[in-house]
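**Student:** From the sequence below, what's the structure:
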Amino acid sequence: MTSKEIRQTFLDFFKEKQHRIVDSAPMVVKDDPTLMFTNAGMNQFKDIFLGNREAKDLRIADTQKCLRVSGKHNDLEEVGVDTYHHTMFEMLGNWSFGDYFKKDAIDWAWELLVDVYKLDSDRLYATVFEGDDADKLEADAEAEELWKQYLPADRILRANKKDNFWEMGDQGPCGPCSEIHVDLRSDAERKATPGRDLVNNDHPQVVEIWNLVFIQFNRKSNGTLENLPAKHVDTGMGFERLCMALQQKTSNYDTDVFSPMIAKISELSNTKYTSADTQTDVAIRVIADHIRAVSFAISDGQIPSNSGAGYVIKRILRRAIRYGYSFLGFKEGFMYQLVPTLAAQMGDAFPELKKQQELITRVIQEEESSFLRTLDKGIDRFNNHVSSLKEKTIDGAFAFELYDTFGFPIDLTELMAREQGLHVDIQGFNEGLQQQKERSRAATVTENSDWTVLRTDDKEEFVGYDVLETEVSITRYRKVVAKSEEFYQLVFNITPFYAESGGQVGDTGFIESEGDKTLILDTKKENDLIIHLVENLPSNPKAVFKAVVNSDKRQSTALNHSATHLLHAVLRDVLGEHVEQKGSLVNPDYLRFDFSHFSKVSDEELVEIESKVNAQIRANIALSEQRNVPINAAKELGAMALFGEKYGDLVRVITFGKDFSVELCGGTHTSATGNIGLLKITSEGSVAAGIRRIEAVTGLNAFNELNSAYTEVNELKNVLKTKDPLKSVQQLQAQIKELQQKIEGFNAKAASGLKDELLAKAVDKGDFKLITERISLEDSAAIKNLCFDLKRENGLVALLGVLSDGKPGFHLVISQDLVDAKGWKAGEMIRPIAAHIKGGGGGQPTYASAGGVDAGGLDSGLNSLAVLLE
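**Tutor:** Purely as a prediction, here's the structure:
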């Protein structure tokens, strides 16, 4: 079976078992503060397990795109080295929410694997939970008995809590699980060593393919377990491993999931892939895996960046580039050339890859170009460090600096070290890496107490579209400690407070009861649960409260949100329908809108965009809001669905003007565009390749922006004593340019005269002449020209000390003939000289420069050169 057939067979099988087939959730998580990426198929159903929302369907199945690179599920360093770990992978899963439990889950798993997929049943093993004394849990005898109808007792293995008790986190739903493992070894290997001895022992051909989780407990903050009101099933089967088993391969990378990509990488690098453990094979596997993770993340709207989820994606991309650079000979960008192959391979199952193909390609291409420049700088840094070594060991702290600053993996540093007969202090490197991980963990540690439930409530209802004040009751609360700060999270039965989502900031305000006022500092979402942040609990949490939203902040935010919709529509009108939203921020002060576009928006286009948005504002178009619209009906209305967003079956449609702006949106808006008053674009620039950003202000802030500009122009007129400040500034610029040219001419003449003076002071050292002088030139260009003139002299070494704006510096020149004859290198010699002024420097063999902070060391630095030349 092909991988496409394997995927479809799974979905068809569970559809016949009355499961609803749903789309994969985005791989990039937006409304769950505990996750950056979807790392398991159950993530999109987390709220159902937590009891925050009811399941609309009791049986569900899907294939979910997942990413595991950091935190508890950190597989990154294994990827490419072994044959079965991946960053991005597909998780085939089926779920029961309070419906079927262990029997059906086990029966159907066996039926699909053995009867439908025709896996050899003699190669299968099942593990069950052995129990745990600390949790007072007995062995899962029920699952064990169910497996006995299919497997002999010696292929049903009991396993410990680590392997066979699944937990969502330190707190929350959990339960025993039963894993299905497959032995893919040859008959001879199986005869020599029983598969049961290799289960859960990291053998590359004896691997877990399916995990059946039986969720029946809730882990409280004190570590104890309590029974859930309903029992659930959560299963996850690794698609890539399943394909390996069904296609009778011994490596995931040998299946047709990866073979087209590996063939393309081999073609581009002119390197044959042998399925072995050579450096080139590992590099090809790393690239084949990482291009998937990066492309899917970008298609979900996550651009590589220097923080958060964007930084994780940048790390993955750079790891692939490094392997290609080091082991496959790629000295120019190559990853972007793999995107069409990936889109062709997986675009049917995940259409976002085809629709976003051009954007993915451009973003990767720009990131590659940027990182290859960084790699060159890192190699220069490495060479400079090595040139100053007195021993054969590269310090572990320096190796970590290359890793952390320049993105060098330790294996690349080791490779470069070996080429120069050196070795790396691996222990020191690992210590630096561990310290970084500990700092990262400490920065993100959050301690949550258990929820204190005051009253039961089916679902917290948001009423803030219609009212900004209402009576509420606290249904539950908990204490949270993050970054040494303590606060509380409150959940209400109903709430007028909008929770941060979709780019719009959360509401603030207060709740009050009998004169006891509690400030709402922020409102956020944790999956579908609306959480209100307060510094202290109300004195009587069981009281009925009046909840009041900060109306000024809400109104200003709503104006900016509606303006964002108008801007989006006008951008598509002016620039083209390729424009799609790629991110936004809507707060009371301004709006920020990121969108796909492959060139700078010209000044003329910005004027047109601003003019057309303001025309829609002046038209005072009334808001049309439709709630609980079936998703397909909304799309028929022309509503734009954004990639990377997860929509429910029922959505809210916001429309301004028939066929002008129609969007799926859960945010708050103004009742008519005229309320916005005015929009003024304040900036336009690039965020990443193919992604532009516009920032703008509206209403009173826009008026203030224009008024400030008008005032500045008037002040400029007064200062320049002109009615045409633009013309006057242009005339001043021309005059300044003319004067600068004259100054450069004077400096050139001074440098020319200075050259003759310096040569006259040169000291004859036998086979070369030496100049060590302080000079009065301060213009850096003139100094550099002087040095290059001196460099043309034969048999000359010149060290010039300068003081520019109070900062000391050195310039060292060695003529080419002396570099060739004596092996002297200015770039190396300048470093100990720079130490005299408490600075550093570097450069080429014939010319180097240095800067420092201690001018008192200029003379001693000049005198030190003679010693270095001995």
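**Student:** where do the helices sit along the stretch 301-450 of the chain?
**Tutor:** Secondary structure of the stretch 301-450 of the chain (DSSP state H, counting those that start in this stretch): helices located at 308-327, 339-346, 352-355, 357-387, 396-406, 410-419, 426-444.
**Student:** Can you add distance to residue 514 and mean pLDDT and give the ones you listed back as a markdown table?
**Tutor:** To be clear about C-beta, it is placed using only N, CA and C from the backbone, and glycine gets the same treatment. Output for the helices of the stretch 301-450 of the chain, formatted as a markdown table (distance: least, CB to CB, whole Å; pLDDT from 0 to 100):
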| stretch | distance to residue 514 | mean pLDDT |
| --- | --- | --- |
| helix 308-327 | 42 | 88 |
| helix 339-346 | 60 | 96 |
| helix 352-355 | 53 | 93 |
| helix 357-387 | 55 | 87 |
| helix 396-406 | 55 | 85 |
| helix 410-419 | 63 | 81 |
| helix 426-444 | 39 | 77 |
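**Student:** And these: which comes nearest residue 601?
**Tutor:** helix 357-387 (15.9 Å; CB to CB).
**Student:** Just name whatever secondary elements that closest one is in contact with.
**Tutor:** With contacts defined as 3 or more CB pairs under 8 Å, 6 or more residues apart in numbering; DSSP states H and E, helix 357-387 has these neighbours: helix 279-299, helix 308-327, helix 339-346, helix 396-406, helix 410-419, strand 679-688, helix 826-834.
**Student:** Go through these and pick out the most buried.
**Tutor:** Ranked by mean neighbour count under mean count of other CB atoms under 10 Å, these are led by helix 279-299, which reaches a mean of 26.
**Student:** What ranges does the stretch 551-700 of the chain have for its helices?
**Tutor:** In the stretch 551-700 of the chain, the helices defined using DSSP H, counting those that start in this stretch lie at 551-575, 603-618, 631-636, 699-720.
**Student:** got TSV for the ones you listed, with mean pLDDT too?
**Tutor:** Conversion of the helices of the stretch 551-700 of the chain to TSV gives the following (pLDDT from 0 to 100):
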stretch	mean pLDDT
helix 551-575	96
helix 603-618	97
helix 631-636	89
helix 699-720	90
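**Student:** right, so of those, which gets closest to residue 822?
**Tutor:** With CB to CB as the yardstick, what comes closest out of the helices of the stretch 551-700 of the chain is helix 603-618 (57.0 Å).
**Student:** Just the C-alphas of that closest one, formatted as CSV.
**Tutor:** What follows is helix 603-618 as a C-alpha-only set of coordinates in CSV (Å, rounded to 0.1, in the frame of the first residue of the first chain):
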residue,chain,number,x,y,z
ASP,A,603,4.5,55.3,-1.3
GLU,A,604,2.0,55.7,-4.1
GLU,A,605,0.3,52.4,-3.2
LEU,A,606,0.2,53.4,0.5
VAL,A,607,-1.5,56.7,-0.4
GLU,A,608,-4.1,54.8,-2.4
ILE,A,609,-4.6,52.3,0.4
GLU,A,610,-5.1,54.9,3.0
SER,A,611,-7.4,56.9,0.8
LYS,A,612,-9.6,53.9,0.0
VAL,A,613,-9.8,52.9,3.7
ASN,A,614,-10.9,56.4,4.7
ALA,A,615,-13.4,56.4,1.9
GLN,A,616,-15.0,53.4,3.5
ILE,A,617,-14.9,55.1,6.9
ARG,A,618,-16.6,58.2,5.5
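**Student:** Just give me how far it sits from the chain centre.
**Tutor:** 33 Å (CA atoms, centre = their mean, to the nearest Å).
**Student:** Run the angle between that helix and helix 551-575 for me.
**Tutor:** Relative orientation of helix 603-618 with respect to helix 551-575: 130 degrees, computed using axes from the mean of the first three to the mean of the last three CA atoms, to 10 degrees.
**Student:** just to revisit the earlier point, tabulate the helices of the stretch 301-450 of the chain (CSV), appending distance to residue 34.
**Tutor:** Compiled in CSV, the helices of the stretch 301-450 of the chain are given as follows (distance: least, CB to CB, whole Å):
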stretch, distance to residue 34
helix 308-327, 13
helix 339-346, 28
helix 352-355, 25
helix 357-387, 27
helix 396-406, 26
helix 410-419, 30
helix 426-444, 10
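**Student:** Now do the contacts for the residue nearest the centre of the chain.
**Tutor:** Centre of the chain computed as the mean C-alpha position; nearest residue by CA atoms, centre = their mean is residue 310, 1.8 Å away. Shown in contact with residue 310 (CB atoms under 8 Å, 6 or more residues apart in numbering): 302, 303, 304.
**Student:** in the protein, what secondary structure element scores lowest on mean pLDDT?
**Tutor:** Across the helices and strands of the chain, mean confidence by mean pLDDT, DSSP states H and E is lowest for strand 446-448: a mean of 73.
**Student:** That strand: what's the following helix or strand?
**Tutor:** Toward the C-terminus, strand 446-448 is succeeded by strand 452-453 as the next helix or strand (DSSP states H and E).
**Student:** can you list contacts of that following strand?
**Tutor:** 475, 476, 477, 478.
**Student:** Which element, helix or strand, includes residue 274?
**Tutor:** Secondary structure assigned from DSSP H and E places residue 274 in neither a helix nor a strand.
**Student:** if I read this right, it contacts residue 281, doesn't it?
**Tutor:** Yes - contact status for residue 274 versus residue 281: in contact at 5.8 Å, counting by CB atoms under 8 Å.
**Student:** any idea how far residue 234 lies from residue 108?
**Tutor:** Residue 234 is 14 Å from residue 108, where distance means CB to CB, to the nearest Å.
**Student:** out of the two, which sits in the busier spot?
**Tutor:** Under the neighbour definition other CB atoms under 10 Å, residue 234 and residue 108 were set side by side, and residue 234 has more, 25 against 20.
**Student:** Would you confirm that that one belongs to a helix?
**Tutor:** No - the assignment for residue 234 is strand, going by DSSP: H, G, I helix; E, B strand; the rest coil, so no helix is present there.
**Student:** list the contacts for it?
**Tutor:** With CB under 8 Å, 6+ apart as the criterion, the residues that contact residue 234 are 41, 42, 45, 49, 93, 95, 166, 213, 215.
**Student:** Looking at those residues, spot the one nearest residue 428.
**Tutor:** Set against residue 428, the nearest of these by CB to CB is residue 166 (37.5 Å).
**Student:** Parallel or antiparallel, list what pairs with the helix or strand containing that closest one.
**Tutor:** Counting by DSSP H and E, the element that carries residue 166 is strand 165-167. In the sheet containing strand 165-167, its partner strands are strand 172-183 (antiparallel), by DSSP bridges.
**Student:** And the average pLDDT for the strand it pairs with is what?
**Tutor:** Strand 172-183 shows a mean pLDDT of 94 in the predicted model.
**Student:** Return the distance of the residue lying closest to residue 112 once chain neighbours are set aside relative to residue 188.
**Tutor:** In space, and not counting its chain neighbours, residue 112 is closest to residue 13: 5.2 Å by CB to CB, 6 or more residues apart in numbering. Counting by CB to CB, the separation of residue 13 from residue 188 is 33 Å.
**Student:** Good, wrapping up.
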